[in-house]
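*Asks:* I'd like to go over a predicted model; first the sequence, then the structure.
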Protein chains: 2
Amino acid sequence: MRYRLYYWPGIQGRGEYVRLALEDAGAGYDDVARGAGGMAAMTGMMAAAGTPPFAPPFLKAGKLVIAQTANILLYLGARHGLAPKAEAGKLWVHQLQLTIADMVLEIHDTHHPLGPSLYYEDQRGPAKKRTDEFWNERVPKYLGYFERLVSDSGGTFTTGRRATYVDLSLLQIVEGLRYAFPKRMAKFERRIPRLVELRDRVAVRPNIRAYLESDRRIPFNEDGIFRRYKALDI
Amino acid sequence: MRYRLYYWPGIQGRGEYVRLALEDAGAGYDDVARGAGGMAAMTGMMAAAGTPPFAPPFLKAGKLVIAQTANILLYLGARHGLAPKAEAGKLWVHQLQLTIADMVLEIHDTHHPLGPSLYYEDQRGPAKKRTDEFWNERVPKYLGYFERLVSDSGGTFTTGRRATYVDLSLLQIVEGLRYAFPKRMAKFERRIPRLVELRDRVAVRPNIRAYLESDRRIPFNEDGIFRRYKALDI
């Protein structure tokens, strides 16, 4: 079965966590809105689906139309060996992905504290305050949590000896924070050595390496979740 | 099996979505931090669990320790008839719950746009701007989405003829918005008649009605997600 992924064509965004899983699994997929049908194919599907998504990304898998990043990964993980098969492990990995989803929302809030509908340029002051608070309080809490998990796992990945979609997502978190906040992150990385090792371990997985070097990987930019604004990286 | 729910003892918060499911199912549970062990029982369990939660709420179910509200509901829904058993329906209902979780985060941001670690009193101005944007842009988008689903479901609940944990959560969203923003919500409710009917249908389910009238239901207050600040309800 060839999947169809629907997401905004110009950004990594939340779709990237799904792309990383599809790529690592070597699954065949079309990134629909980047193809000939463009955005119209995406908006058309949003209106037509029997289970309409609230927002992209969503995945068409046979007759299923599945939205919400963590939900898509729950589905893919079970099919492509990117999550444990037993219920306890499946719930545990999903729980971690939902924690990453919470962090992603907070990352977005650093440049959009007054809401997603306004421009960054209209909220520079609040963005600076929110970003300071994010780096002082939230990054240490989130990344400290994952650092401990990797450290305690007794394996090479977050939850043990086998990679899951959570490991792929953590690579994206590290890469994204490096892009958006190069100075802050360079300093902070001393506190998360195991997480940096994990990122390196994921980056050399053959399918991930090939993907990151391909033009299927959209470069980071200032329309996505991770945005490089100099004023916020001080 | 008697469940043990761990959540902050003084607020409804995210724990409330779990409480509503447990109550509707008639499941036996202890609300641990509200009992004799208090907060110490909760923080002790957070440190001791093999699958440590990032934050409350979390549920102890036999040997499992499950965190993240939507993940707990995914688990409970399958066991207590509060979600379809087939994979497609299970993913669909979970997807809707994750959309509600996104909305809950945005509701929290209305009074904490500069971040969860600062007091509301230190961010009144940004909170007003964020709240305006929330009611102008986000509430119509979120509640309009659920209004359409209820309208199109062909049944009495969001996804059909049987109630799911999503319906219970939507009751909480309506109740919470009524508490936090009585003026704005009274006006907005004209636009979501089916959602208001849904709320009424859920509120008279015998176990939910008994729960809402009991002292197990913590009153809304200004430490929770839904906070009544007069300055934000204009």
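*Replies:* Good, I have the coordinates. Numbers count the residues shown, from 1 in each chain, chains lettered A, B, ... in the order given.

*Asks:* all contacts plus neighbour counts: C-alpha atoms, from now on.
*Replies:* Fine.

*Asks:* how near is residue A:73 to chain B?
*Replies:* Applying CA to the nearest CA, to the nearest Å, the value for residue A:73 to chain B is 11 Å.

*Asks:* these two touch, right, that residue and residue A:21?
*Replies:* Yes: with contact defined as CA atoms under 8 Å, residue A:73 reaches residue A:21; the gap is 7.4 Å.

*Asks:* mutual contacts of these two, please.
*Replies:* residue A:165 (CA atoms under 8 Å, 6 or more residues apart in numbering or on different chains).

*Asks:* now do residue A:73: how many residues are near it, please.
*Replies:* 27 (other CA atoms under 10 Å in any protein chain shown).

*Asks:* just give me the neighbour total for residue A:77.
*Replies:* As a burial measure, residue A:77 scores 23 neighbours (other CA under 10 Å).

*Asks:* only C-alpha atoms, please: export the helix or strand of chain A with the lowest mean pLDDT in PDB.
*Replies:* Ranking every helix and strand in chain A by mean pLDDT, DSSP states H and E puts helix A:38-48 at the bottom, with a mean of 91. Taking C-alpha atoms only, helix A:38-48 is exported to PDB below (Å, rounded to 0.1, in the frame of the first residue of the first chain):
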ATOM      1  CA  GLY A  38      -0.700  21.000  -5.000                       C
ATOM      2  CA  MET A  39      -2.700  22.600  -2.200                       C
ATOM      3  CA  ALA A  40      -6.000  22.000  -4.000                       C
ATOM      4  CA  ALA A  41      -5.500  18.200  -3.600                       C
ATOM      5  CA  MET A  42      -5.000  18.700   0.100                       C
ATOM      6  CA  THR A  43      -8.000  21.100   0.800                       C
ATOM      7  CA  GLY A  44     -10.200  18.900  -1.400                       C
ATOM      8  CA  MET A  45      -9.400  15.800   0.600                       C
ATOM      9  CA  MET A  46     -10.000  17.700   3.900                       C
ATOM     10  CA  ALA A  47     -13.500  18.500   2.800                       C
ATOM     11  CA  ALA A  48     -14.200  15.100   1.300                       C
END
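
*Asks:* what mean pLDDT does the helix or strand just after it get?
*Replies:* Sequence-wise, the next helix or strand downstream of helix A:38-48 (DSSP states H and E) is strand A:58-61. Confidence for strand A:58-61, expressed as mean pLDDT, is 98.

*Asks:* also stretch A:128-137?
*Replies:* Per-residue pLDDT over stretch A:128-137 has a mean of 97.

*Asks:* what of stretch A:201-209?
*Replies:* The average pLDDT within stretch A:201-209 is 98.

*Asks:* report the buried residues of that stretch.
*Replies:* Neighbour-count burial for stretch A:201-209 flags A:201-203, A:207-208 (criterion: 16 or more other CA atoms under 10 Å in any protein chain shown).

*Asks:* repeat for stretch A:9-22
*Replies:* A:9, A:11-22.

*Asks:* picking that back up, export the buried residues of stretch A:201-209 as TSV, with columns for secondary structure and distance to chain B.
*Replies:* TSV is the format used below for the buried residues of stretch A:201-209 (DSSP: H, G, I helix; E, B strand; the rest coil; distance: CA to the nearest CA, whole Å):
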residue	secondary structure	distance to chain B
A:201	helix	23
A:202	helix	22
A:203	helix	25
A:207	helix	27
A:208	helix	27
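
*Asks:* neighbours around residue A:51, how many?
*Replies:* What residue A:51 shows, counting by other CA under 10 Å, is a neighbour count of 21.

*Asks:* what's the distance between it and residue A:65?
*Replies:* Separation of residue A:51 from residue A:65 (CA to CA, to the nearest Å) stands at 7 Å.

*Asks:* do the same with residue A:97
*Replies:* 20 Å.

*Asks:* repeat that for residue A:15.
*Replies:* Relative to residue A:65, residue A:15 is positioned 15 Å away (CA to CA).

*Asks:* again, but for residue A:166
*Replies:* From residue A:166 to residue A:65 the distance is 22 Å (CA to CA).

*Asks:* and these two? Which one has more around it.
*Replies:* More crowded of residue A:166 and residue A:65, by other CA under 10 Å: residue A:166, with 27 against 22.

*Asks:* give the contact list for that one.
*Replies:* Taking CA under 8 Å, 6+ apart as the criterion, residue A:166 is in contact with A:93, A:96-97, A:158.
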